[in-house]
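Chemist: Next comes the sequence, and after it the predicted model I'd like to discuss.
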Amino acid sequence: MRLRLVVVSLSIAACSGSTKKPPPAPATPPDAAESPLAKPIDTPPAHAAPHEMTLAESGIVPEWIDTTADPCNDFFAYACGGFTKTAEIPADRSQWGALSIVDHEQEETLHALLEAAAKDAHGDALLTKIGDYYAACMDEGAVEQAGLAPVQPLLDSIDQIKDAKDVAHVIEHLHMLSIPSFFRIEATQDFADATQEIAGFDQGGLGMPDRDYYLKSEGNLEDVRKAYFDHVVRVLELGGASHKDAIAAANDVMQIETALATIAQDKVKRRDPHAVYHRVERAGLKKAAPGFPWDEYFEAMGIADVTAVTVNDPKYFTGVEKILRKQKIAGLQHYLRAHVLMQASPLLSRAFVDEDFAMKKVLTGQKELEPRWRRCVRRTDQDLGELLGQPYVAKKFGGPSKQMAIDLVESVRAAMRAELDTLPWMDDGTRTAAKAKLEKMAKLVGYPDKWRTYDFPVTRTSYATNVALAIAAETQREMKKIGKPVDKNEWEMTPPTVNAYYEPSLNEIALPAGQLQAPFFGATFHPAVNFGSTGGGTIGHEMTHGFDDEGSQFDGDGNLRDWWSKATSAKFKSATKCVQDQYSRYEAVPGVHLNGKLTSGENIADIGGVKLGFLAYQAWRGQQQTPPPAKVAGYSDDQLYFLAYAQSWCMKTAPEQLESRAHTDPHSPPMWRVNGVIVDQPGFGAAFTCKSGTPMNPGNACSVW
């Protein structure tokens, strides 16, 4: 189970009312000519004393602020209005904002590193490997010349299927290549014993993002469903089928995927760890689906002796066996063939790449395909991330940054420790257990202490071969973890990733170096800005995940266990319902409301994280012999804190992407990650002199953490 911070999109709030504004920034900010990312500087400017820091030097992006907006009426419009009024979403993106700008810059850095490695690795084995991988991806001529050859053996094996045993063999082969036809397998921590890795079986096999795309008709779902059918037809035609045969085959694909969607758990149910954990062992898997050759499957996956098994839902695998048994062989062949071609499309000729993008365009609203070098940078990071991460870290994450981030983690932890003492809904027994969990919460910051190795060969002559070898090696690595003790130092993201996560079964937060960049974090930023964006918006967010509606079900050792008293649980659920009801009133796009239950955990983490970060900053500031500047360009440091948080979510998003995420994403759109959070902040009203009853200080705040 993974709880991750994911970039999403913005909406418009309908608020009314007006109040006195805080001391405004100048109408024409003095720093307007500086970089919109307000990059950190190595030393304070020679002409300025420390207390004369400019707004841009503090880490706030002045030109993103709209001083004509009332922060008490719509704080997103105030903090980000300058950005949303002027920014244009690049044609090769579906959204554009703080996170995507940082991600864009990370790609530029990685691009330079990879280009240099591809041209001359100077005999360095690490640089040779990442350079060759990237060079093979960039060789479009070789990719075009290869045609269907990279997937032809798979297609041939599908064509040769004669019976159910052959179908199972093909599924085994596809799973080794991370194509999750019908279901998926991975190494997973045992929720009942977080020290051990066991085999985890889960639902899979859909071509669209979620089961709702097959079963519901709200919003644009019917249009997407029709577009997907046409997409499957075109992919099968590119694979050699006639138009008539492709239509017939696509009908089989839709029939099978709709059947899988019908038996799959919905996304809200899957937020309950108890709903997706069923320790049935191999014997239970055989009982759920006795017609599938499980012993042969386990042997093919390299885990012949493994018996420890959990499944998301035994009934799902009973349903899969029924689908496999009732479907004609030809229909199963059509489904498997379509999935091979769709999964492989980004690795094949331009015709496949363009068709893959055509479907992405429907889902996200992205207008143009990214240049090939960006796609090759991402793929290299995906498959060789801890090799590529080493020169990246050396270039982008030096000096005091790591220790500063560690100190921020401990400051927020101290604030949460203090907050636990005052929570009115938590009884003393639960409070003691919560404190114990907080103290055990581990942290990964920046990059791994020990770098991973990648033992598969890499060639400059075949991109698809490199990817296949990388995927197979990763699958084998995953399978070898089963039956072994959990490695608590393993990262789930690469160092350049602009993201962060909390893993409940590890009770651990991770902050990759890519997230610890401007405008979220800077060694020379005003401390209030680092506390607002990284302390509250990232560290506090992830730390609070350990105590949200999902993370709270795991104890300090990562075991799924009921450690709350009944009285505390009841009060927690009441506080959580307040947040769910609040966000269910918000719209992603007109007529499409957020799912308050789906987004509950992320909203609780946003609200609690920002509150904890603010408390942490107040405590830290009070401990300093030389406190930071109390004002910068007319803004108090408390105002800088909330501005920094809000600006981390400045974003413009294509409507298609907004709607798609509303159906599938547990995160709220950025506008509501600002305004929805701010209305629940006890420190905001005083910071911006907002009267009680105004939209951003309504006086009926939800409070969980």
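Modeler: Perfect, thanks for sending it.
Chemist: how about the longest strand seen in the chain: buried residues?
Modeler: If you go by DSSP state E, the chain has its longest strand at strand 193-203. Within strand 193-203, the residues that qualify as buried are 194, 197-203, counting by 16 or more other C-beta atoms under 10 Å. Bear in mind the C-beta positions are built from the backbone N, C-alpha and C, glycine included.
Chemist: What is the nearest of those residues to Ala415?
Modeler: Using C-beta to C-beta, Ala194 is the member of those that sits closest to Ala415, with 26.1 Å.
Chemist: any idea what sits nearest Leu260, other than its immediate chain neighbours?
Modeler: Distances taken as C-beta to C-beta, 6 or more residues apart in numbering place Gly205 nearest to Leu260, at 5.0 Å, with adjacent residues excluded.
Chemist: my read: the one you found touches Ala261, true?
Modeler: No - counting by C-beta atoms under 8 Å, Gly205 sits too far from Ala261 to count as a contact (9.2 Å).
Chemist: These two: which has the busier surroundings?
Modeler: Gly205 (23 against 20; other C-beta atoms under 10 Å).
Chemist: which residues touch the more buried one?
Modeler: 180-183, 256-257, 260, 339 (C-beta atoms under 8 Å, 6 or more residues apart in numbering).
Chemist: Next, check those residues against the helices and list the overlap.
Modeler: If you go by DSSP state H, the contacts of Gly205 have 256-257, 260, 339 in helices.
Chemist: Include neighbour count when you put those into JSON lines, please.
Modeler: Converted to JSON lines, the ones in helices among the contacts of Gly205 look like this (neighbours: other C-beta atoms under 10 Å):
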{"residue": "Ile256", "neighbour count": "25"}
{"residue": "Glu257", "neighbour count": "22"}
{"residue": "Leu260", "neighbour count": "24"}
{"residue": "His339", "neighbour count": "24"}
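Chemist: Return the member of those residues nearest to Gly331.
Modeler: Using C-beta to C-beta, these come closest to Gly331 at Ile256, 6.6 Å.
Chemist: isn't the closest one right up against Leu332?
Modeler: Yes - in this structure, Ile256 is within contact of Leu332 by C-beta under 8 Å, at 7.5 Å.
Chemist: quick one: the strands in the stretch 151-300 of the chain?
Modeler: For the stretch 151-300 of the chain, the strands defined by DSSP state E, counting those that start in this stretch cover 183-190, 193-203, 278-279.
Chemist: number of nearby residues for Lys396?
Modeler: Using other C-beta under 10 Å, Lys396 has 19 neighbouring residues.
Chemist: pretty sure it contacts Ala518?
Modeler: No - assessed by C-beta under 8 Å, Lys396 is found out of contact with Ala518, at 10.5 Å.
Chemist: can you give me the end-to-end distance of stretch 698-705?
Modeler: 18 Å (C-alpha to C-alpha, to the nearest Å).
Chemist: re the thing from before, okay, the strands of the stretch 151-300 of the chain in a markdown table with distance to Glu144 and mean pLDDT next?
Modeler: As requested, the strands of the stretch 151-300 of the chain are exported to a markdown table (distance: least, C-beta to C-beta, whole Å; pLDDT from 0 to 100):
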| stretch | distance to Glu144 | mean pLDDT |
| --- | --- | --- |
| strand 183-190 | 32 | 96 |
| strand 193-203 | 36 | 96 |
| strand 278-279 | 47 | 97 |
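Chemist: quick revisit: can I get the longest strand of the chain in CSV? Just the C-alpha atoms.
Modeler: Extracted in CSV, the C-alpha atoms of strand 193-203 (Å, rounded to 0.1, in the frame of the first residue of the first chain):
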residue,chain,number,x,y,z
ASP,A,193,4.2,-8.9,10.6
ALA,A,194,5.9,-5.9,9.1
THR,A,195,9.3,-7.5,9.4
GLN,A,196,8.6,-9.9,6.5
GLU,A,197,8.1,-9.7,2.8
ILE,A,198,5.4,-12.0,1.4
ALA,A,199,3.8,-12.5,-2.0
GLY,A,200,1.0,-10.0,-2.7
PHE,A,201,-1.6,-10.7,-5.4
ASP,A,202,-3.8,-7.8,-6.5
GLN,A,203,-6.4,-6.9,-9.1
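Chemist: Alright, I will stop here.
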